[in-house]
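# got a structure for you, letters missing:
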């Protein structure tokens, strides 16, 4: 983070988090409660987006552990670029299988939905 202006870094972080939360929240709101099964494309997309959000946060935290040399500093523009790069990388990673989090979420959510539907049918 830019040590010269910590408020700008905090503002960029909150903007990025707000954007990701908004996108993820909209995705989960669009999933219908009656959707069952692992073949449901809305549920798959929501699980993929959740994995993407997790991976984006993971990349951001991993990048924060690297010491900056100060030799070449892109300043605020570099910080914004790397945060956007992390978001896009996480989307691509989750689209090709990611770390398996989306499949675990999908199994769990599909199983809960099927149990709810079977209890509602009684």
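Perfect, thanks for sending it. Worth saying up front: this structure is predicted, and the values here are computed from it rather than measured.
# before we move on, what SS does residue 67 have?
coil (DSSP: H, G, I helix; E, B strand; the rest coil).
# now residue 70: phi and psi?
Dihedral pair for residue 70: phi 80, psi -10, per degrees, to the nearest 10.
# for residue 100, same thing?
Here residue 100 shows phi and psi, under degrees, to the nearest 10, equal to phi 90, psi 0.
# distance of it relative to residue 88?
The gap separating residue 100 from residue 88 is 20 Å, by CB to CB, to the nearest Å. Where you see a C-beta, it was placed from the backbone N, CA and C, and this is true even at glycine.
# residue 59 now?
Taking CB to CB, one finds residue 59 at 10 Å from residue 88.
# of those two, which one has the most company?
residue 59 (18 against 11; other CB atoms under 10 Å).
# surely that one and residue 90 touch.
Yes. Counting by CB atoms under 8 Å, residue 59 touches residue 90, with 6.2 Å between them.
# flag every buried residue along stretch 53-70.
Within stretch 53-70, the residues scored as buried using 16 or more other CB atoms under 10 Å are 53, 54, 55, 56, 59, 60.
# what helix or strand does the fourth one sit in?
Taking DSSP states H and E as the criterion, the element that holds residue 56 is helix 41-64.
# where in the protein is pLDDT low?
Filtered on pLDDT under 70, the chain yields the residue ranges 1-38, 113-122.
# now the helices for it?
Using DSSP state H, the helices of the chain run over residues 6-29, 41-64, 75-95, 101-121.
# now do the buried residues in the third one.
Residues 79, 83, 86, 87, 90, 91, 93, 94 are the ones in helix 75-95 that count as buried (16+ other CB under 10 Å).
# switch those over to CSV; also include distance to residue 110.
Converted to CSV, these look like this (distance: CB to CB, whole Å):
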residue, distance to residue 110
79, 39
83, 32
86, 29
87, 27
90, 23
91, 22
93, 22
94, 18
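# residue 47: which of those is nearest?
Distance to residue 47, by CB to CB, is smallest for residue 94 among these, at 8.8 Å.
# any idea how far the closest one lies from residue 100?
10 Å.
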